[in-house]
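Participant: Fold the following, please.
(chains A and B)
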Amino acid sequence: MASELQNLTEMTEKFSIDPVYETNWCDLSEKIKSKCIGKMEFNERLSLRCTAKAERSLVDSQKNEFNEGRFEGDDEKFSFFLNRNDDHKYSKRWMYINEAFELLKYIKKVGTFENLEISFSHPLTDRKHLMTETGLLTAKHVKFYHCNNDNMFAILRKMKDGVESIKIHLDRKDYDQLDCDEVLAIPQVQKVPNLHLQNYDQTDSLRKVAKMWIKKKAKIGTTFQLSVNEEGSFGEFTQHFSNRLVSCTDKTIRIRANKLDRHILLEHGPFSDQFCVIPQYFRMMVISAEMKESEYDDNREEWIGNMDPASDDDFRLPGFCYDDLYDEDYDDYYRAGYDSD
Amino acid sequence: MSSTEQGTSSAAPAEPTTAPESAAAPEVPESFYYVHGKDKVVHKVSAGALQHSALIHGMISNLGYTEEQAKANPFPFENIDGDILQMVVDWCNQHKGKPTPPEDTNLPKQKEKLFDLVLAVNYLEIKELLTYCCKQVAMMVKGKSPEEIREIWMIPTDAEDEAAEKEAKKRAGKEAAGETAAAAGDAK
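Facilitator: Sure, this is the predicted structure:
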């Protein structure tokens, strides 16, 4: 026992750190500093990394986890909004694109996003920054809102694997320019479990996505949601896959995939009223071949509401037509939901 | 709460006050240990409270000390200031056997004490308290500019760092030259 006690005393003495007077940040080990940096918000981290080289490398060695990130820009200004949680927000606005891209480059390096929204509505003349940058963006859910198509394609190709959903909300001015084939050729889009296309204006997307799924042997649960401002998608799909048809009603079509254990189910959403048949809402899913019709999720209003929250109330308005919404006021109203802070 | 005693580690500690046990529960005597910091003030702390410290818990888990042995052999933490050790002991007692809350507002706000506390807590391996302390450190620079942070935390600029490094090299070179000359003198 005596020797044990002796060892113990020696042990505590050996562990001892030198007496420290006027202790400060520089007295902390890199490990503790890193832990403190982990508790700092983005703005403070940016400030700390400007103090000295050693602090910069410490700050840059840590990831910033953001709940939300929003990057917006037009031909005049750029703004970034980052939100770690409700209490900690960072936002910045620039007049010069190069300054904005310097920060974007840094954010790509250190940031991971739960939800990322991109809205670069004008073609970026200096898009080389996005195209040639080797860094990848890390995000779970990505949304493109009224984003220029070329900007969107460039960013999509820069997404790191692991994206769970991609939502493309097309601008009314742009939707006839989107080439579905070009979107579906992007590997990140091919792999994503949830793809959502809103305001599309052609009838080809359902069959093209289903074709891609069949070719790529998409997993059960993979989902595509669509709101389209043109009639004919349902008929085009039925015609295209007539040789694969398992069942067909006025609301659903079920087709075989190449893998025997899975089918593709397409559901047609309801129209807002008998006079207005657009937008049309669709949900398409890869399902198990074993799934019975009684097991279909029949709550269409719910999935349409989730897809397009603005549609929820609109369905209840008599004589409502979707085109009525498309004016400046609606656009301002929609954005207000995001710009409340 | 802990009892503290001025003077040497061999001073007799006060008896602990314990909450009345329920009639149904069998009474398990709680064991106590003793720690002191730089000021030699001995703190009596229950094994339950010390469980927060992975370092001390690791030390005592296989000791099987009797009360007398524990009293006679307080753990010396000469590197920790007395008031800082007191803070740590108080925190361990307050959070004995309780889930730690997400925030702790009782931590010191003064820069020097907080950094000393961080070092002590890190050394004693008290994970939850270290997390609170690091958060408090981060709060110190909330909304501050790089210049303000540099001032608050006394972070030298790169130029100052380089100058200090140069100076250190110069000094080391001089010392090495001096040692070589001395060795040559000895050889003669």
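
Participant: Quickly find the element holding the residue nearest to the spatial centre of chain B.
Facilitator: With distances taken as CA atoms, centre = their mean, the residue of chain B nearest its centroid is B:A120 (2.0 Å). Taking DSSP states H and E as the definition, B:A120 sits inside helix B:111-124.

Participant: again with A:E302
Facilitator: Per DSSP H and E: helix A:300-307 holds A:E302.

Participant: Which strands or helices does the helix holding B:A120 pack on?
Facilitator: helix A:30-38, helix B:54-60, helix B:82-94, helix B:127-140 (3 or more CB pairs under 8 Å, 6 or more residues apart in numbering or on different chains; DSSP states H and E). To be clear about C-beta, it is placed using only N, CA and C from the backbone, and glycine gets the same treatment.

Participant: how about a cut-off of 6 Å?
Facilitator: Secondary-structure packing of helix B:111-124 (3 or more CB pairs under 6 Å, 6 or more residues apart in numbering or on different chains; DSSP states H and E): helix B:82-94, helix B:127-140.

Participant: Give the rounded mean pLDDT of the last one.
Facilitator: Per-residue pLDDT values across helix B:127-140 average out to 92.

Participant: Off-centre distance for whatever helix or strand comes next after that helix?
Facilitator: Going down the chain from helix B:127-140, the next helix or strand is helix B:146-152, by DSSP H and E. Helix B:146-152 has its C-alpha centroid displaced from the chain centroid by 26 Å (CA atoms, centre = their mean, to the nearest Å).

Participant: just for chain A, where's the confidence low?
Facilitator: A:1-21, A:86, A:124-134, A:172-176, A:271-277, A:309-341 (pLDDT under 70).

Participant: rewinding a little: show the model's pLDDT score for the residue nearest to the centre of chain B.
Facilitator: So B:A120 comes in at 94 (pLDDT).

Participant: Test my guess that it contacts B:D83.
Facilitator: No: counting by CB atoms under 6 Å, B:A120 sits too far from B:D83 to count as a contact (10.4 Å).

Participant: Enumerate the residues of chain B near chain A.
Facilitator: Chain B has residues B:73, B:75-76, B:78-79, B:112, B:115-116, B:122-123, B:134-135, B:137-138, B:141, B:145-146, B:149-150, B:153-155, B:158 near chain A, with proximity defined as CB under 6 Å from any CB of the partner chain.

Participant: For A:G73, which non-adjacent residue is spatially closest?
Facilitator: Leaving aside its chain neighbours, A:G73 sits nearest to A:F120 (4.6 Å; criterion: CB to CB, 6 or more residues apart in numbering or on different chains).

Participant: Tell me how many other residues surround that neighbour.
Facilitator: Using other CB atoms under 10 Å in any protein chain shown, the number of residues around A:F120 comes to 24.

Participant: backbone phi and psi for it, please?
Facilitator: In terms of degrees, to the nearest 10, the main-chain angles of A:F120 are phi -100, psi 90.

Participant: in the helix holding A:E302, what counts as buried?
Facilitator: For helix A:300-307, burial by neighbour count (16 or more other CB atoms under 10 Å in any protein chain shown) applies to A:W303, A:I304, A:M307.

Participant: What's the local residue count around A:N148?
Facilitator: Burial measure for A:N148: 22 neighbouring residues, criterion other CB under 10 Å.

Participant: OK, contacts around it?
Facilitator: A:F120, A:S121, A:P123 (CB atoms under 6 Å, 6 or more residues apart in numbering or on different chains).

Participant: how about the first one, what does it touch?
Facilitator: Translated: A:F120. A:F120 neighbours (CB under 6 Å, 6+ apart): A:G73, A:C147, A:N148, A:N151.

Participant: what's the helix or strand for the second one?
Facilitator: For A:C147, there is no host helix or strand (DSSP H and E).

Participant: Can you tell me how far it is from B:S61?
Facilitator: 59 Å (CB to CB, to the nearest Å).

Participant: Those two: who's more crowded?
Facilitator: For A:C147 and B:S61, the more surrounded residue by other CB under 10 Å is A:C147, and the numbers stand at 26 against 11.

Participant: okay but the more buried one is in contact with A:E117, surely?
Facilitator: No: A:C147 is beyond contact range of A:E117, at 9.2 Å (criterion: CB under 6 Å).

Participant: can I assume A:K108 sits in a helix?
Facilitator: Yes: using DSSP: H, G, I helix; E, B strand; the rest coil, the assignment for A:K108 is a helix.

Participant: That one - nearest residue in space that isn't next to it in sequence?
Facilitator: A:G135 (4.0 Å).

Participant: Helix, strand or coil: sort out the one you found for me.
Facilitator: Judged by three-state DSSP, the three-state class of A:G135 is coil.

Participant: now do the one 4 residues further on
Facilitator: Classification of A:A139 by three-state DSSP places it in strand.

Participant: Excluding covalently adjacent residues, which one is nearest to B:E128?
Facilitator: Nearest to B:E128 is B:T100, by CB to CB, 6+ apart, at 4.3 Å.

Participant: what do you get for A:G232?
Facilitator: Distance criterion CB to CB, 6+ apart; nearest residue to A:G232, sequence neighbours excluded, is A:T203 at 4.1 Å.

Participant: where does chain B have low pLDDT?
Facilitator: Along chain B, segments meeting pLDDT under 70 span B:1-28, B:102, B:104-106, B:108-110, B:187-188.

Participant: Please repeat the previous calculation with a cut-off of 90.
Facilitator: Where chain B drops to pLDDT under 90, the residues are B:1-35, B:44-48, B:50-51, B:55-75, B:93-113, B:157-188.

Participant: can you give me the helices in the stretch 1-150 of chain A?
Facilitator: Using DSSP state H, counting those that start in this stretch, the helices of the stretch 1-150 of chain A run over residues A:2-15, A:30-38, A:42-49, A:53-60, A:97-110, A:128-132, A:149-157.

Participant: May I see those helices arranged in CSV, with distance to B:I56 as well?
Facilitator: Below are the helices of the stretch 1-150 of chain A laid out as CSV (distance: least, CB to CB, whole Å):
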stretch, distance to B:I56
helix A:2-15, 9
helix A:30-38, 19
helix A:42-49, 33
helix A:53-60, 29
helix A:97-110, 37
helix A:128-132, 54
helix A:149-157, 52
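
Participant: Can you add mean neighbour count and give those helices back as CSV?
Facilitator: Shown next, in CSV, are the helices of the stretch 1-150 of chain A (neighbours: other CB atoms under 10 Å in any protein chain shown):
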stretch, mean neighbour count
helix A:2-15, 12
helix A:30-38, 18
helix A:42-49, 21
helix A:53-60, 16
helix A:97-110, 16
helix A:128-132, 14
helix A:149-157, 20
